[in-house]
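Chemist: Give me coordinates for this.
(one chain, ligands or ions: 1)
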Amino acid sequence: MFLTSSLTTDLAVAIFFLTSVVTVFFKRSFQYWSRKHLPHPHPTIPFGNLPNPYKDGESIGVFLAHLYKEMKKVDPKHCGFYAFAKPCYCVFDLDYVKNVLSKDFQYFVDRGIYYNEKDDPISAHLFAIGGRKWQNLRKKLTPTFTSGRMKMMFQSLLKCENSLYEAMEDFCEKSEAVDIKEVLGCFTTDIIGSCAFGLDCNSFKDKESPFPKYGRKIFESTRLRSLLNSFSVSFPNLSRVLKIRQIPKDVGEFFTKIVTESVRYREETSFFRKDFLQLLIELKNARILTIQEIVAQSFVFFAAGFETSSTTMTFALYELAKNQRIQERLREEIEQVLRKHRGEISYESIQEMKYMNQVVDETLRKYPPIPFITRECIRDYKLPAENIIIEKGTSVFIPILGIHHDEEYYPDPEIFDPERFSEDNRRIRHQYAHIPFGQGPRICIGSRFGLMETKIGLTSILKHFKLSVNSKTREPLMMSPQSFILAAVGDVWLNAKKIY
Ligand code: HEM
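Modeler: Below is the predicted model:
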């Protein structure tokens, strides 16, 4: 039934009505932070303060770092902002950060990111889930990452180190520049593929190996995907009704098939290997985990462990190629420590490298692979010493990249300087000024593994090769606007010269 005699007029009236309703909805939502007297940047319809994925060319991590820098001048403690119409709270003050992540954790147990257990079961992994379910799973998985377990897996990691050395040597023999991002992508794929799935991915030789392809696809974001991600975080219930997936269908199917087949193979043949998958199978046999939970956890170990460590090594080697003095000093330490251990890279020798720790910490400061973290407020929370209540359901953002580039904690933040992490300098800084692995009960569960991978990779390369920047490398490096992980756009080319 038409309201007027013309369909065109009816349509125009309907569009006008709908636009008015949406505009009123956004305008009302945008009053939220003003009512609470919390400073916030001016929002616009429909993205609120989020970057427009079709226009701005900025990732959320970089956006939050800018927000931190600009809004900290207005209020040094915190600010509000809007993701679409949803009010979000961003924390600057390091004591407030500590409250959210550790001291008052009971108010902020959930990460508040979207997952869809029904239509996309692989998305219900440790990183995403919340509440009691998260608490139980975290307790079950924590023993998988103790230093004893890491020591147990060390040999599997070393096997992958041989392929890394051979690949680097190959480039040197052909006098070719090395795309270090690609090489380290293969190295970490082999490691995490071996430890999370018990498979020899052989990524250096097998260019058709599906692992790097699907690995990259996890974080590769098209404009549509980043729009859907922002939408599903803002409207999770509606997104579940609309059956929006968090992980692309083909990626989910690939990892489900790999894990279920590997588990079946081990069960049928009693094959044993010291890796994450074995530990997860033990939890399944003890009826602590279901097969679907094993699939989701193996997936998140791969997803969280693949790109984070490979970008850390890439950025470290890029900085070392630019800073020859630092590279030399680190190589001297590597040679000196390895001499004490019969030239062998071992769990113990890696732990002894103090300057290595400083270099890795400075890399993680300048380029935190996960540039921000989130929590969801699960109960109304009164900010200490303020008259502001953070209401249940509010998304809370910790802008790691912004904090790590704050002049107040790190003068000349763009300069790569491992001395910032000498014992003396570390002692005088707030503990929460360096949080590449997050903090509190939800801190990265795989940090030991990630650091072990990173240090093995750096030791192996620097022991044998001298690096310098190739003219093909884009300087300064540009960060990918679409990736959730902080990653350089394009290839990172380095010259490698073999040391005899
Ligand atoms: C350099 C390497 C890595 C970096 C910088 C990194 C960083 C992070 C950060 C910032 C978080 C969020 C912490 C928080 O919210 O407080 C996180 C969580 C997590 N990471 Fe890592 N990570 C790395 C390597 C790994 C590896 C190798 C694994 C697995 C093998 C892993 C598995 C996880 C998981 C499962 C979580 C979710 C923990 C939870 O919510 O309980 N990460 N990581």
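Chemist: now the strands for the stretch 251-400 of the chain?
Modeler: Read by DSSP state E, counting those that start in this stretch, the stretch 251-400 of the chain holds these strands, from start to end of the chain: 373-376, 381-382, 389-390, 395-398.
Chemist: Tell me the buried residues in the following helix or strand past the last one?
Modeler: Put plainly, it is strand 395-398. The helix or strand immediately downstream of strand 395-398 is helix 400-404, counting by DSSP states H and E. For helix 400-404, burial by neighbour count (16 or more other C-beta atoms under 10 Å) applies to 400-404. C-beta here means a position set from N, CA and C on the backbone, and glycine is covered the same way.
Chemist: With stretch 286-305 instead?
Modeler: Buried residues in stretch 286-305, defined by neighbour count with 16+ other C-beta under 10 Å: 289, 293-305.
Chemist: Check the average confidence over the longest helix along the chain, would you?
Modeler: Ranked by number of residues, the top helix in the chain under DSSP state H is helix 291-322. Per-residue pLDDT values across helix 291-322 average out to 93.
Chemist: just checking, Phe211 is part of a helix?
Modeler: Yes. Secondary structure assignment (DSSP: H, G, I helix; E, B strand; the rest coil) places Phe211 inside a helix.
Chemist: for the strands of the stretch 251-400 of the chain, which one sits closest to Leu477?
Modeler: Ranking these by their distance to Leu477 (criterion: C-beta to C-beta) puts strand 373-376 first, at 22.6 Å.
Chemist: helices or strands up against the closest one?
Modeler: strand 395-398 (3 or more C-beta pairs under 8 Å, 6 or more residues apart in numbering; DSSP states H and E).
Chemist: Can you report phi and psi for Leu289?
Modeler: Reported as degrees, to the nearest 10, the phi and psi values for Leu289 are phi -130, psi 150.
Chemist: And Ser422, what's its pLDDT?
Modeler: In this prediction Ser422 is given a pLDDT of 98.
Chemist: next one: the one 10 residues further on
Modeler: The predicted local confidence for Tyr432 comes out at a pLDDT of 98.
Chemist: Tell me how far the closest residue to it other than its chain neighbours lies from the ligand.
Modeler: The shortest distance from Tyr432 to any residue other than its chain neighbours is 4.3 Å, reached at Leu94 (C-beta to C-beta, 6 or more residues apart in numbering). Here the criterion is C-beta to the nearest ligand atom, to the nearest Å. By it, Leu94 lies 14 Å from the ligand.
Chemist: Same question for Ala304.
Modeler: 3 Å.
Chemist: Look up phi and psi at Phe437.
Modeler: Comment: the main-chain dihedrals of Phe437 come out as phi -110, psi 10, following degrees, to the nearest 10.
Chemist: Identify the residues contacting the residue most central in space within the chain.
Modeler: With distances taken as C-alpha atoms, centre = their mean, Ile370 lies nearest the centre of the chain, 3.4 Å away. Residues in contact with Ile370, defined by C-beta atoms under 8 Å, 6 or more residues apart in numbering, are 61, 308, 400, 436, 438, 484-486.
Chemist: and what of Asp417?
Modeler: Shown in contact with Asp417 (C-beta under 8 Å, 6+ apart): Glu362.
Chemist: Phi first, then psi, for it.
Modeler: phi -140, psi 100.
Chemist: Nearest to the ligand among the contacts of Ile370?
Modeler: The ligand has its nearest neighbour among these in Gly438, at 1.9 Å by C-beta to the nearest ligand atom.
Chemist: quick one on the thing from earlier: distance from the longest helix of the chain to the middle of the chain?
Modeler: Helix 291-322 has its average C-alpha position 8 Å from the chain's average C-alpha position, going by C-alpha atoms, centre = their mean, to the nearest Å.
Chemist: circling back: got a markdown table for the buried residues of helix 400-404, with distance to the ligand and pLDDT too?
Modeler: Rendered in a markdown table, the data for the buried residues of helix 400-404 read as follows (distance: C-beta to the nearest ligand atom, whole Å; pLDDT from 0 to 100):
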| residue | distance to the ligand | pLDDT |
| --- | --- | --- |
| Ile400 | 7 | 98 |
| Leu401 | 11 | 98 |
| Gly402 | 14 | 98 |
| Ile403 | 12 | 98 |
| His404 | 11 | 98 |
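Chemist: ok, these vs Thr363, which is closest?
Modeler: Distances from the buried residues of helix 400-404 to Thr363 were compared by C-beta to C-beta; the smallest belongs to His404, at 10.8 Å.
Chemist: Setting aside sequence neighbours, what's the nearest residue to the closest one?
Modeler: Counting by C-beta to C-beta, 6+ apart, Arg365 is the residue found nearest to His404 once chain neighbours are left out, at 4.7 Å.
Chemist: Tell me which stretches of the stretch 201-350 of the chain form helices.
Modeler: For the stretch 201-350 of the chain, the helices defined by DSSP state H, counting those that start in this stretch cover 210-219, 223-234, 236-241, 249-269, 276-285, 291-322, 324-340, 347-352.
Chemist: So which of these is the most surrounded?
Modeler: The highest mean neighbour count among the helices of the stretch 201-350 of the chain, using mean count of other C-beta atoms under 10 Å, belongs to helix 291-322: a mean of 24.
Chemist: what are the phi and psi values for the spatially closest residue to Phe437 that is not a sequence neighbour?
Modeler: In space, and not counting its chain neighbours, Phe437 is closest to Cys444: 3.9 Å by C-beta to C-beta, 6+ apart. Torsion angles at Cys444 (phi, psi; degrees, to the nearest 10) stand at phi -50, psi 120.
Chemist: Test for you: state the pLDDT assigned to Cys444.
Modeler: 97.
Chemist: Give me the neighbour count for it.
Modeler: 21 (other C-beta atoms under 10 Å).
Chemist: separation between it and Ser309?
Modeler: For Cys444, the distance to Ser309 equals 11 Å [C-beta to C-beta, to the nearest Å].
Chemist: Now the common contact residues for those two.
Modeler: Contact with both Cys444 and Ser309 is made by residues Gly450, according to C-beta under 8 Å, 6+ apart.
Chemist: picking up where we left off before, looking at the contacts of Ile370, which gets the smallest pLDDT?
Modeler: Comparing pLDDT over the contacts of Ile370 singles out Phe484 as the least confident position, at 82.
Chemist: Hmm, Phe127 and that residue touching each other?
Modeler: No. Phe484 is beyond contact range of Phe127, at 11.3 Å (criterion: C-beta atoms under 8 Å).
Chemist: Show me what from the stretch 351-500 of the chain comes close to the ligand.
Modeler: Among all residues of the stretch 351-500 of the chain, those adjacent to the ligand (criterion: C-beta under 6 Å from any ligand atom) are 364, 369-370, 373, 436-439, 442-447, 449-450, 454.
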